[in-house]
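*Asks:* what's the 3D shape of this:
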Amino acid sequence: MRFRYVYQKVVDLKSNERTQAEWMLSAAVGELEAQRRSLEQLFLDRANTLAEIQSEMENRASVVKLQELQYYADYLEVCISQKTGEVKRAEINVDKKKTHLTGKMLDEKVWLKAKEKEQQKFQHEMLLREQHELDEMATVRFAMKAR
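*Replies:* Model (predicted):
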C-alpha cells in the first residue's frame with residue numbers, strides 16, 4: 001500500500017503560490033536595480049554638466065551657452081528628485097513582495113509539516129499491520145506444530 005496524501009493538491013497549490021511570490025519578488029528586485037542604475041546615471045549626468053559649466057565659465061563662454069547648461073542642470077535636478085521617489089517606491093514594493101513571500105513560505109511549510117505528520121502516521125500504521133500479520137503467521141505456525 002502506498003501513501004497518498006488527501007490534501008496533496010493543496011500542498012501543490014501552496015508550493016505554486018510560493019514559486020509565484022518568488023518570481024514577483026525577483027521582478028521587483030530587478031525593477032529596483034533598474035531604477036537605481038537610472039538614478040546613478042542622472043547623478044553622473046549632473047556632475048558632468050556642472051563640470052562643463054565650470055569649464056565653459058573658465059573659457060569665457062557666452063551667456064546663452066551658460067544659461068542652456070544651467071537649464072539642463074536644473075532639469076537634471078528635477079529628474080533626480082523624481083527618480084529618487086521612484087527608487088523609494090520600488091524599495092517599498094520589494095519590501096511588500098518579501099513580506100508576501102514570507103507569508104507564502106510559512107503557509108507552504110504548515111501544509112508540508114501536516115503532510116509529513118500524516119505520512120509518519122501512515123508508516124507507523126503500516127508497521128503495526130506488518131507486525132500484526134507476522135504475529136498472526138507465527139501463531140498459525142505454532143498452532144500447526146502443536147497438533
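*Asks:* Any stretches of this protein with poor pLDDT?
*Replies:* 147 (pLDDT under 70).
*Asks:* Could you count how many residues lie near the nearest residue to residue 10 once chain neighbours are set aside?
*Replies:* When the adjacent residues along the chain are set aside, residue 10 lies closest to residue 111, with 6.0 Å between them (Cβ to Cβ, 6 or more residues apart in numbering). Bear in mind the C-beta positions are built from the backbone N, C-alpha and C, glycine included. The burial count assigned to residue 111 is 18, neighbours taken as other Cβ atoms under 10 Å.
*Asks:* what does residue 101 give?
*Replies:* Residues near residue 101, counting by other Cβ under 10 Å: 21.
*Asks:* Skip the chain neighbours and tell me the closest residue to it.
*Replies:* Once its chain neighbours are removed from consideration, residue 101 has its nearest residue in residue 21; the separation is 4.2 Å (Cβ to Cβ, 6+ apart).
*Asks:* and whatever helix or strand that neighbour lives in, what does it pack onto?
*Replies:* According to DSSP states H and E, residue 21 maps onto helix 8-58. In terms of contact count using 3 or more Cβ pairs under 8 Å, 6 or more residues apart in numbering; DSSP states H and E, helix 8-58 is assigned the packing partners helix 63-146.
*Asks:* re earlier: give me the distance between the residue nearest to residue 101 and residue 50.
*Replies:* In this structure, residue 21 lies at 43 Å from residue 50, with Cβ to Cβ, to the nearest Å as the measure.
*Asks:* Compare these two (neighbour count), which wins?
*Replies:* Legend: neighbour count by other Cβ under 10 Å for residue 21 and residue 50, higher for residue 21 (21 against 14).
*Asks:* show me the contacts for the more buried one.
*Replies:* Residue 21 sits next to 97, 100-101, 104-105 when contact means Cβ atoms under 8 Å, 6 or more residues apart in numbering.
*Asks:* so can I have JSON lines of these showing distance to residue 91?
*Replies:* JSON lines is the format used below for the contacts of residue 21 (distance: Cβ to Cβ, whole Å):
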{"residue": "97", "distance to residue 91": "11"}
{"residue": "100", "distance to residue 91": "15"}
{"residue": "101", "distance to residue 91": "16"}
{"residue": "104", "distance to residue 91": "21"}
{"residue": "105", "distance to residue 91": "21"}
